[in-house]
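Asker: Give me a model of this one.
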Amino acid sequence: MTTNSINPDKELFTTMTTIGLLRKELIETLGLEHAKIFLQRYGWNLGVAHAKEVEQRPLSLREKLDCATLYHLNSGQITDLISDRILNLNPDESVHFMHAKGVWINSYEVTEHTKYFGESHSCTCHTLAGYASGYTSYLTKHDIYIVEVTCRAKGDDECAFEMRMLENWDDATQEQLKKIHQSRMIDELNQTYEQLYEEKKHTEKVSSFHNNLTLGITQGMRIEQILETIYDNLNVPVILQDLNFNTHHASGISQEELEDLTVDFASQMPQTRSGKILMKHLEPMHSIQVNCDKHIRLISPINVQSQIIGYISFIYRSPNHNFKDEMHFLQRAANSISLCYLNEKSSLEAIENMKAYFFEQLLQQQYTSKSNMIYRSYLLQIDLNEDFYIGSLRMTKKGIPIKDSVLINKVIQSFTVYLEMHQIPIFITEFQEEVTFLFPKINDTQNLLKNILKHLQRTFKQYEFRIGLSRVINDIEDIPEANRQSLTSLNVNKTKDIIYFEDTSVMGSIINQTNSHIIIQIAQRELEPILSLKPAKKEEFLKTLYAFLNNYGNLQQTMLDLNLSMSGLVYRIQKLEELLKKDLRNSKHSFELMLLLNSLIILGEIEID
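Answerer: Numbers count the residues shown, from 1 in each chain. Predicted structure coming up:
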């Protein structure tokens with residue numbers, strides 16, 4: 001009886017076409033990069049197997065290394081090999097230095113790759129490079145690697161390679177070569193699976209988060225309910241703040257914690273002298289991370305119709321988070337809050353139009369029942385039985401009032417959204433070419449008005465804004481007179497941004513709604529010779545008259561104020577006396593004329609710089 005034994009190292013021969021199909025399947029299944037590593041590892045192991053056979057032969061190291069060429073040729077991988085090698089040995093025959101360059105002739109890998117994939121963007125002789133690297137490294141007991149530098153598969157003239165000891169390759173190449181041994185395919189597949197699984201969980205969480213927010217918005221949730229939904233889904237405290245970082249809503253955090261974190265946040269941010277936090281401009285869909293002493297804060301702007309109206313922040317006590325993923329949630333939260341405000345704004349526009357019409361009725365006293373108007377105002381969230389102000393907002397550009405209705409409407413919208421964010425009800429409209437508004441008296445009116453102006457100037461950078469405010473009133477019948485007071489405030493004092501009627505001159509108090517038209521008639525009659533002149537002359541003489549009377553007839557001071565020569569000033573004074581038929585040095589005449597000029601300025605009939 002005979003027994004057939006199988007040599008475990010027996011070689012199996014296959015065709016070039018079979019190997020080509022294997023390469024094709026690997027590349028299509030794993031991708032170029034993973035297939036490259038697989039083929040290099042395959043070539044390496046094949047080279048080591050052949051090196052073990054050669055190691056048993058009674059040959060010198062140089063002769064053993066030369067045998068690699070025969071294996072290449074006999075296996076059909078190439079038809080020829082041209083190489084130039086430098087090998088320096090130590091006295092004990094160990095390798096001291098090794099370097100080689102060469103060319104593979106008619107590489108089978110080029111033929112098979114181009115057959116299935118056409119021209120390549122990178123070198124393709126991976127098994128050849130792996131084979132030579134494994135064969136040489138095993139025999140020399142050193143890490144020696146072959147790298148293909150040019151390849152016919154990508155259009156080069158030849159498949160050229162270079163051999164170096166590992167330490168003689170650059171850092172990037174060393175890292176690439178180490179991958180041949182560092183990662184097994186199963187390890188990479190497991191790692192990829194874990195990454196895909198984590199990505200799947202993250203995607204599901206983002207999708208669920210987005211769906212819950214969308215559902216909340218469609219169901220008409222209020223802002224504070226949306227914030228609660230965000231906290232319930234993420235278990236991350238969330239804060240909604242205005243442009244000055246005053247907190248209006250929060251979820252998942254106590255008031256005591258909020259105050260503590262507010263101080264912590266403020267200590268990390270640049271501030272104005274008054275203590276206001278300065279935030280760099282953030283584009284929509286952009287977020288920043290602020291690392292504070294006691295917490296980490298992610299901040300994203302709330303953007304409504306291209307205007308930033310506030311900020312939403314996520315609060316973290318621990319740094320152990322993937323904040324890149326958290327930014328995705330933050331941006332979706334910011335979008336949802338912005339959409340909430342936009343929805344509220346859209347529904348409020350109809351209400352605001354109704355409020356504007358109602359306010360105009362109050363301004364013009366177009367009503368029959370006072371009690372009915374008060375009841376209607378109560379339904380519109382303003383109790384006109386309580387104290388309130390009438391204000392006038394004037395927008396200018398380089399001192400010239402803006403009368404563009406489209407622009408004014410944008411200002412009114414921005415004004416309204418800002419106060420809505422602060423939960424302050426308001427009536428506002430464009431009335432007689434002025435922005436007029438009514439709002440309840442609050443504890444810190446001055447600070448609120450300052451913040452409104454800052455908001456408007458930040459939003460409409462090319463323009464200047466001023467606010468005039470009436471006395472406090474609590475009777476709707478006083479609204480027309482209060483409106484006149486707010487306009488008078490703007491006309492009397494042009495140096496301040498916010499002017500209260502109480503702070504205006506006595507002249508402002510003397511003029512009221514009942515006598516203003518009479519004063520205008522008297523002033524126009526007395527000053528008619530000047531007012532009827534051509535615009536340039538009228539402005540010149542009004543300015544001269546006002547300066548002369550304001551300086552009590554002092555020629556020297558008037559000359560300096562107007563930047564005129566003495567002879568030019570004297571000529572103008574004489575001309576004014578001829579036109580007005582009055583002696584400007586007569587105290588009675590000068591007092592009356594100054595009174596009339598100031599009245600016209602206060603009533604907005606004339607402007608004198």
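Asker: got the phi/psi numbers for Ser532?
Answerer: phi -90, psi 0 (degrees, to the nearest 10).
Asker: List the contacts of it.
Answerer: Ser532 makes contacts with Lys538, as judged by C-beta atoms under 8 Å, 6 or more residues apart in numbering. C-beta coordinates here come from the backbone N, C-alpha and C atoms, glycine included.
Asker: So it versus Phe358, what's the distance?
Answerer: 41 Å (C-beta to C-beta, to the nearest Å).
Asker: cool, Glu481 as well?
Answerer: Taking C-beta to C-beta, one finds Glu481 at 19 Å from Phe358.
Asker: With neighbour numbers in mind, choose between those two.
Answerer: Phe358 (19 against 16; other C-beta atoms under 10 Å).
Asker: Wait, a strand at that one?
Answerer: No. Counting by DSSP: H, G, I helix; E, B strand; the rest coil, Phe358 is not found in a strand; it is helix.
Asker: Tell me if I'm right that it and Tyr378 touch.
Answerer: No. Between Phe358 and Tyr378 there is no contact under C-beta atoms under 8 Å: 11.7 Å.
Asker: Determine the three-state secondary structure at Ile467.
Answerer: Assignment for Ile467 (three-state DSSP): strand.
Asker: Beta-bridge partners for it, please?
Answerer: Leu393, Ile498 (DSSP bridges).
Asker: Tell me how many other residues crowd it.
Answerer: Neighbour number of Ile467 under other C-beta under 10 Å is 24.
Asker: which ones are touching it?
Answerer: 391-394, 449, 452-453, 490, 497-499.
Asker: Could you check how far Glu224 is from Glu204?
Answerer: According to C-beta to C-beta, Glu224 and Glu204 sit 27 Å apart.
Asker: now swap in Asn372 and tell me
Answerer: 56 Å.
Asker: And for Glu112?
Answerer: 42 Å.
Asker: Between those two, which is the more surrounded one?
Answerer: Set Glu112 next to Glu204 and count neighbours by other C-beta under 10 Å: Glu112 wins out with 21 against 10.
Asker: can you pull the contacts of the residue most central in space within the chain?
Answerer: What sits nearest the mean C-alpha location of the chain, by C-alpha atoms, centre = their mean, is Glu283, with 1.9 Å. By C-beta under 8 Å, 6+ apart, Glu283 lies in contact with Pro301.
Asker: secondary structure class for it?
Answerer: Taking three-state DSSP, the label given to Glu283 is coil.
Asker: isn't Phe501 right up against Leu487?
Answerer: No. With contact defined as C-beta under 8 Å, Phe501 does not count as touching Leu487 (9.6 Å).
Asker: returning to what we had before: quick one: the contacts of Ile467 as a markdown table, columns for pLDDT, distance to Gly252 and neighbour count too.
Answerer: Formatted as a markdown table, those follow (pLDDT from 0 to 100; distance: C-beta to C-beta, whole Å; neighbours: other C-beta atoms under 10 Å):
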| residue | pLDDT | distance to Gly252 | neighbour count |
| --- | --- | --- | --- |
| Gly391 | 92 | 38 | 28 |
| Ser392 | 92 | 43 | 24 |
| Leu393 | 93 | 38 | 24 |
| Arg394 | 90 | 43 | 19 |
| Leu449 | 91 | 33 | 19 |
| Ile452 | 91 | 30 | 22 |
| Leu453 | 91 | 34 | 17 |
| Leu490 | 82 | 46 | 24 |
| Asp497 | 88 | 39 | 13 |
| Ile498 | 90 | 38 | 19 |
| Ile499 | 87 | 43 | 23 |
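Asker: between those residues, which is nearest His295?
Answerer: Closest approach between the contacts of Ile467 and His295, by C-beta to C-beta: Ile452, at 30.7 Å.
Asker: Verify the stated contact: that closest one with Ser414.
Answerer: No. Using C-beta under 8 Å, Ile452 is not in contact with Ser414; the gap is 9.4 Å.
Asker: where along the stretch 1-150 of the chain do the strands fall?
Answerer: Listed in chain order, the strands found in the stretch 1-150 of the chain under DSSP state E, counting those that start in this stretch are 80-89, 95-105, 144-150.
Asker: Need the residues that contact stretch 247-256.
Answerer: 223-224, 227-228, 230-231, 235-242, 258, 261-262, 310, 315, 421-423.
Asker: do that again at 7 Å, thanks
Answerer: Here stretch 247-256 makes contact (C-beta atoms under 7 Å, 6 or more residues apart in numbering) with 223-224, 227-228, 230-231, 236-242, 258, 315, 421.
Asker: again, but for stretch 379-386
Answerer: Contacts of stretch 379-386 (C-beta under 7 Å, 6+ apart): 355, 358, 374, 377, 425, 427, 440, 474, 476.
Asker: Going by neighbour count, which of these are buried?
Answerer: Buried by 16 or more other C-beta atoms under 10 Å: 355, 358, 377, 425, 427, 440, 476, out of the contacts of stretch 379-386.
Asker: Walking through the stretch 401-550 of the chain, point out its helices one by one.
Answerer: 405-421, 445-459, 479-492, 506-510, 516-526, 528-531, 535-550 (DSSP state H, counting those that start in this stretch).
Asker: In space, what's closest to Phe117 - neighbours in sequence excluded?
Answerer: Setting aside the residues directly before and after it, Phe117 is nearest to Ile27 in space (C-beta to C-beta, 6 or more residues apart in numbering), at 7.2 Å.
Asker: From Thr218, how far out is that neighbour?
Answerer: Taking C-beta to C-beta, one finds Ile27 at 48 Å from Thr218.
Asker: Check Leu542 too.
Answerer: 62 Å.
Asker: So if I had to pick from those two, which one is more boxed in?
Answerer: Between Leu542 and Thr218, Leu542 has the larger neighbour count (other C-beta under 10 Å), namely 21 against 9.
Asker: which residues sit in contact with the more buried one?
Answerer: 530, 606, 608.
Asker: What separation is there between it and Leu533?
Answerer: For Leu542, the distance to Leu533 - C-beta to C-beta - is 9 Å.
Asker: hmm, which helix or strand of the protein has the shakiest average pLDDT?
Answerer: The helix or strand of the chain with the poorest confidence is helix 506-510; it has a mean of 52 (mean pLDDT, DSSP states H and E).
Asker: For stretch 416-436, measure first residue to last.
Answerer: 12 Å (C-alpha to C-alpha, to the nearest Å).
Asker: and if you look at stretch 550-569?
Answerer: First residue to last in stretch 550-569 (C-alpha to C-alpha) measures 15 Å.
Asker: Please compute how far it lies from its chain's middle.
Answerer: Centroid separation between stretch 550-569 and its chain, computed with C-alpha atoms, centre = their mean, to the nearest Å, is 55 Å.
Asker: What residues sit buried inside it?
Answerer: In stretch 550-569, counting by 16+ other C-beta under 10 Å, buried: 550-551, 558-559, 561-562, 564, 569.
Asker: Now do the contacts for the residue lying closest to Leu527 once chain neighbours are set aside.
Answerer: Nearest residue to Leu527 in three dimensions, chain neighbours excluded: Leu596, at 6.3 Å (C-beta to C-beta, 6+ apart). Shown in contact with Leu596 (C-beta under 7 Å, 6+ apart): 522-523, 526-527.
Asker: that older thread, out of the contacts of stretch 379-386, name the ones that lie in strands.
Answerer: 427, 440 (DSSP state E).
Asker: Check the spacing between the nearest residue to Thr459 once chain neighbours are set aside and Arg41 real quick.
Answerer: Distances taken as C-beta to C-beta, 6+ apart place Ser414 nearest to Thr459, at 5.3 Å, with adjacent residues excluded. Per C-beta to C-beta, Ser414 is found 65 Å from Arg41.
Asker: so where's the stretch 501-609 of the chain shaky on pLDDT?
Answerer: 504-519, 602-605, 609 (pLDDT under 70).
Asker: Restricted to buried residues, select the contacts of Leu596 in PyMOL.
Answerer: In PyMOL, this line selects whichever of these come out buried by 16+ other C-beta under 10 Å:
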select buried, resi 523+526+527
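Asker: Pipe the contacts of Leu596 into JSON lines and attach distance to Ile105 per row.
Answerer: JSON lines is the format used below for the contacts of Leu596 (distance: C-beta to C-beta, whole Å):
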{"residue": "Ile522", "distance to Ile105": "113"}
{"residue": "Ala523", "distance to Ile105": "108"}
{"residue": "Glu526", "distance to Ile105": "112"}
{"residue": "Leu527", "distance to Ile105": "107"}
